[in-house]
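Student: sequence and predicted structure below; questions after.
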Amino acid sequence: MTMQDTHVSLAHGNGGRYMRELIHEIFARHLANPLLDTESDAAVLPWNTADGELAFTTDSFTVQPIEFPGGNIGSLAVHGTTNDLAVAGAVPKYLSLGVLLEEGLEFAVLERVVAGIAQAAREIGVVVAAGDTKVVRRGEGGGIYLNTSGIGVRNPNLRLGMREIRAGDAILVSGPVGDHGIAVMLAREQFGLRGDLQSDAASVLPITLELARCKGLRFMRDPTRGGIATVMHEIVHAAGLGVYLDETQVPVRDSVRSVCEMLGYDPYFLACEGRVVAIIAAEEATAALAAVRALPSGRDAAIIGRIQEQPKRLILRTPLGGERVIEELEDDPLPRIC
C-alpha cells in the first residue's frame, strides 16, 4: 500500500486522488474479481435476457442540505443511480431503496423526499422493487441518507470503456458544468451568498440513448463528484493517454463562473448531476454533437477537447492561448454534494 493516511478524511470521498487510492488500495485489493471494474459506473452481469445484458450499480447519497433548488436527496438518488446505468449503455429498469433516518427528522420533509423519489422514477420509467428502512438516534445521522441500487438492460453489441479510447478522439460534454455543485453550495448559505441557480440534476437517459446510436462512441461518464476534470484524470490513469481541453469551448454559466472566481473554486472540479461526458472517434464527433444538440437537454452541448498520446496529463488551453496543467483534486471544497 502507498496510502500515507491512518484515518479516513473528507478528501477520501471527493472523487479525486485520495478516493482513487482508497478504492484501489483497500476495496479493490480485498474484493477484486472479474466483475468488479473500479473504472466503470456499472457492472455487466453474466446473465443475458431476451432484451440484452443485465447491468447493475449501487450508489449512496448524503447531500446537505436535504432539499436544494432543482431537487432533493430523493430525486437525486434516482437520477444518480439511473444515470450510472445510462452512461454504461443500459436502460434502467429496477431500483432498490435503502433509507437511513435520523430521529427528529420532520415527517413533512420525509414526505417530500419520498415524493421526489416517486416522481423521478415515474419520469424515467423505473420501478422501486425493494427497500429497507433504519432509524438512528438524534445526532448520529444527517437527517436522512439513502442508498439505491439499480438494474438495467444493455445492448450486448455495445462496446464502451476506457480501454476503447484512442488518441485523437474527441471529448463531448452535454451541457454547462458545475451547476449542481454551486446550487447546493448556495443553498447552504455558508458564505453569505444567495442565488437562483438550479441544480442540473436530471436523467441523462435521452442523451445516452442518442449517443449509443452514434458510430465511434468509445466511452460515457456522468461527471458527479470531482466534475469533468476528475473524469479526465480517470482517463489519463486508466487509458494511459493525455487529455487536452480548450477552456473557451467548455460551457460554464456566468453565475457559476462568478461564484468560482469569488471563492477560488475551479468549475471543472464541481459536481454535475445531469450531464454526460462522452469520448467519440474524431470523424464521428460532429454528427454526435448535432444529435445531442437536437435534444432539449443537450442544446448547450459542446466538443471541449481531444485525447492525445502525449503528455499523459490533463492540459487546459486558456483563452489567451497559454496552457496550464490541471492536477488531480486532493482537498474537498464542497463535501456532501451528492
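Tutor: Received it, and whenever you're ready, just let me know what you need.
Student: need the longest helix for the chain.
Tutor: Longest helix in the chain, counting residues (DSSP state H): helix 107-124.
Student: which parts of stretch 294-303 are buried?
Tutor: 297-298, 301-303 (16 or more other C-beta atoms under 10 Å). From N, CA and C alone the C-beta is placed, and that goes for glycine too.
Student: turn those into JSON lines, columns for pLDDT and distance to Gln64.
Tutor: Shown next, in JSON lines, are these (pLDDT from 0 to 100; distance: C-beta to C-beta, whole Å):
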{"residue": "Ser297", "pLDDT": "96", "distance to Gln64": "26"}
{"residue": "Gly298", "pLDDT": "98", "distance to Gln64": "30"}
{"residue": "Ala301", "pLDDT": "98", "distance to Gln64": "30"}
{"residue": "Ala302", "pLDDT": "98", "distance to Gln64": "31"}
{"residue": "Ile303", "pLDDT": "98", "distance to Gln64": "35"}
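Student: most centrally placed residue in the chain?
Tutor: Thr224 (2.7 Å; C-alpha atoms, centre = their mean).
Student: before we move on, the earlier item: quick check: buried residues in the longest helix of the chain?
Tutor: For helix 107-124, by 16+ other C-beta under 10 Å, it's 110, 112-114, 116-117, 120-121, 124.
Student: nearest to Arg213, of the buried residues of stretch 294-303?
Tutor: Gly298 (13.4 Å; C-beta to C-beta).
Student: out of everything not next to it in sequence, what's closest to that closest one?
Tutor: Excluding the flanking residues, the one nearest Gly298 by C-beta to C-beta, 6 or more residues apart in numbering is Val292, at 3.8 Å.
Student: now the one you found: which helix or strand?
Tutor: Under the criterion of DSSP states H and E, Val292 resides in helix 285-293.
Student: what does that helix rub up against?
Tutor: The contact list for helix 285-293, computed with C-beta atoms under 8 Å, 6 or more residues apart in numbering, reads 170, 172, 174, 207, 210-211, 213-217, 278, 280, 298-299, 301-303.
Student: turn the buried residues of helix 107-124 into JSON lines, columns for distance to Glu327.
Tutor: JSON lines is the format used below for those (distance: C-beta to C-beta, whole Å):
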{"residue": "Leu110", "distance to Glu327": "41"}
{"residue": "Arg112", "distance to Glu327": "40"}
{"residue": "Val113", "distance to Glu327": "37"}
{"residue": "Val114", "distance to Glu327": "41"}
{"residue": "Gly116", "distance to Glu327": "36"}
{"residue": "Ile117", "distance to Glu327": "37"}
{"residue": "Ala120", "distance to Glu327": "35"}
{"residue": "Ala121", "distance to Glu327": "39"}
{"residue": "Ile124", "distance to Glu327": "36"}
